[in-house]
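A.B. asks: Just need the structure, nothing else, for what follows:
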Amino acid sequence: MRGISRRRFLQAASAWAGGIVLSGALPKAATGAQPAALLPSTLDGARRILTPLINTYARLEDDAWTLMHGVRAMGPDFSIKGENAVDFLCLRFLKQKTVAGKAYLYMPAEHEGHSNAFLKTVLEAGVSPSHPFKLDGRRYAIGDLVGSAKGLFAFDPKTIDRDDLAWTLIAFSLQTPPSHDTWTNAYSQRIRFADVVRFGFDTLDETTKRFRRAKEQGVMPDANDEIAGFTCGGTHLVYGLASCVANGHGGGDLRRRLKDHLDLHIWRLQADGHLMERFYRQSLPPPGLERIYDLFFRDAVMKFYGHSFEILSYVKRQRLFTPTADQAHEIERAAKTLAEAVKGIEGVDLFEFRQTNLRLFHLLVGDSCHAYHGIHMAPGVNQV
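C.D. replies: Numbering: from 1, shown residues only. Below you'll find the model as predicted:
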């Protein structure tokens, strides 16, 4: 890939950093706390760097996506200009649509990026379904948004966007008792959540075949698998399915399937790093883009390992997974890799890129928030 054009380089680098669906997934403009699980001491410094970064760059009143990620990192008390960020997001960015004569609340995709991303963010942060907010002069509660999301959700395994499912899995797993997991949506379709969860696992099986084969053979992959084309390398889907299992959906069968994919994901800590390193070290940026190149590389690393620590911290805390000694070693090595990537963006003025490269700005802010959450996942603070 030596000698590639400026346009081709930026397309390739941002695909690695953000996943091939990034351009359609980001906006165009615009007490009981416990110590975090799986937190190698290596990451203490990373958390100290990320805290002021998030407090500076995620508080943008015209950018729901970054503000929502601030809530992801810092929890339901995150604020903007003295106003609670969750209330601000509800007031400013929620809309209504009418289906079969009934009104439903939703957040447009250009603001939240993926279906129900805002809903799952506030629920995971511990915001109660009874939490009130106002919209167009009327009083609502987060539970109304839950009901609307279930009403608007349609499921057809043949046509559904598999990469848009993870956020809905999390939101519904938190608000759907396994013993009462069936409802009728706004389009008179009967939805059984167990079917949706199994579809998610089937998707994960299908999109990791090559990686699983390489793992079984004891070799590093020579190319990405299909899962790498999902948002953030498919980490959201793994996390979403872990949320389903943790909340009682699927029983022992899905718990075993999850364990297999968690084993695979720890293998990916080395494999994805190998592929990223090869891509960026074999590519030379066009003259003048060396700094952008370095930031895309650091973000790609921060994205994958930050989201991975979200998965690992969550499943350890939920007692879904205990790493072996070898896996613990891989996790420690991943922590060092993440810490180095975070250190590399310390002091960078991200507002500069909001004007010249909005995609890179969103990547660096969003992935900083996920990395912080993975490092500091504390029930009662930023986790239900």
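A.B. asks: buried stuff in the helix or strand hosting residue 52?
C.D. replies: Per DSSP states H and E, residue 52 falls inside helix 44-57. Judged by neighbour count (16 or more other Cβ atoms under 10 Å), helix 44-57 contains these buried residues: 46-47, 49-50, 53-54, 57. In short, each C-beta sits where N, CA and C put it, glycine included.
A.B. asks: quick check: mean pLDDT across the helix ranked longest in the chain?
C.D. replies: As assigned by DSSP state H, the longest helix anywhere in the chain is helix 251-282. For helix 251-282, mean pLDDT is 95.
A.B. asks: Let me see the mean pLDDT of the helix or strand just after that helix.
C.D. replies: As assigned by DSSP H and E, the chain's next helix or strand after helix 251-282 is helix 290-317. Taken as a whole, helix 290-317 has a mean pLDDT of 95.
A.B. asks: the helices in the stretch 51-200 of the chain, which residues?
C.D. replies: 64-74, 85-93, 109-112, 117-124, 142-152, 166-175, 193-207 (DSSP state H, counting those that start in this stretch).
A.B. asks: who does the second one touch, helix- and strand-wise?
C.D. replies: With contacts defined as 3 or more Cβ pairs under 8 Å, 6 or more residues apart in numbering; DSSP states H and E, the secondary structure elements packing on helix 85-93 are helix 64-74, helix 117-124, strand 132-135.
A.B. asks: Please save the CA atoms from the second one in PDB.
C.D. replies: Extracted C-alpha coordinates of helix 117-124, given in PDB (Å, rounded to 0.1, in the frame of the first residue of the first chain):
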ATOM      1  CA  ALA A 117     -27.900   3.600  21.200                       C
ATOM      2  CA  PHE A 118     -29.200   6.500  23.300                       C
ATOM      3  CA  LEU A 119     -31.700   4.300  25.200                       C
ATOM      4  CA  LYS A 120     -29.200   1.600  26.000                       C
ATOM      5  CA  THR A 121     -26.700   4.300  27.100                       C
ATOM      6  CA  VAL A 122     -29.000   5.800  29.700                       C
ATOM      7  CA  LEU A 123     -30.300   2.500  30.900                       C
ATOM      8  CA  GLU A 124     -26.800   1.100  31.300                       C
END
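A.B. asks: hang on, the earlier thing: what about the helices of the stretch 51-200 of the chain, which gets the closest to residue 374?
C.D. replies: For these, proximity to residue 374 was assessed by Cβ to Cβ; helix 64-74 is nearest, at 9.7 Å.
A.B. asks: Show residues contacting the closest one.
C.D. replies: Helix 64-74 is touched from outside by 26-27, 30, 50, 54-55, 57-61, 78, 80, 85-86, 88-89, 92-93, 107, 111-113, 117-118, 121-122, 124-125, 362, 365-366, 368-370, 372-373, 382, with contacts defined as Cβ atoms under 8 Å, 6 or more residues apart in numbering.
A.B. asks: Among those residues, the buried ones, what's the ChimeraX command?
C.D. replies: Applied in ChimeraX, the following selects the buried portion of the contacts of helix 64-74 according to 16+ other Cβ under 10 Å:
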select :26,27,50,54,57,58,59,60,78,80,85,86,88,89,93,107,111,112,113,117,118,121,122,124,125,362,365,366,368,369,370,372,373,382
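A.B. asks: what sits against residue 55?
C.D. replies: By Cβ under 8 Å, 6+ apart, the residues touching residue 55 are 70, 74.
A.B. asks: Distance check, it against residue 88.
C.D. replies: Residue 55 sits 16 Å away from residue 88 when distances are taken as Cβ to Cβ, to the nearest Å.
A.B. asks: Likewise for residue 197?
C.D. replies: 32 Å.
A.B. asks: Counting neighbours, what do you get for residue 119?
C.D. replies: Neighbours of residue 119 under the rule other Cβ atoms under 10 Å: 26.
A.B. asks: do residue 310 as well
C.D. replies: Quick note: residue 310 (other Cβ under 10 Å) scores 25 neighbours.
A.B. asks: what about the spatially closest residue to it that is not a sequence neighbour, how many residues close to it?
C.D. replies: In space, not counting the residues next to it along the chain, residue 310 is nearest to residue 374; the distance is 3.9 Å by Cβ to Cβ, 6 or more residues apart in numbering. Residue 374: 28 surrounding residues under other Cβ under 10 Å.
A.B. asks: Is residue 374 within a helix or a strand, and which one?
C.D. replies: Going by DSSP H and E, residue 374 is part of helix 358-375.
A.B. asks: roughly how far is that helix from the heart of the chain?
C.D. replies: How far helix 358-375 lies from its chain's middle: 10 Å, per Cα atoms, centre = their mean, to the nearest Å.
A.B. asks: how much space is there between the nearest residue to residue 108 once chain neighbours are set aside and residue 112?
C.D. replies: Excluding its sequence neighbours, the residue lying closest to residue 108 (Cβ to Cβ, 6+ apart) is residue 95, at 6.0 Å. Taking Cβ to Cβ as the measure, residue 95 falls 11 Å from residue 112.
A.B. asks: Point to the residue nearest the middle of the chain.
C.D. replies: With distances taken as Cα atoms, centre = their mean, the residue of the chain nearest its centroid is residue 236 (4.7 Å).
A.B. asks: isn't it right next to residue 164, touching?
C.D. replies: No - judged on Cβ atoms under 8 Å, residue 236 makes no contact with residue 164 at a distance of 9.8 Å.
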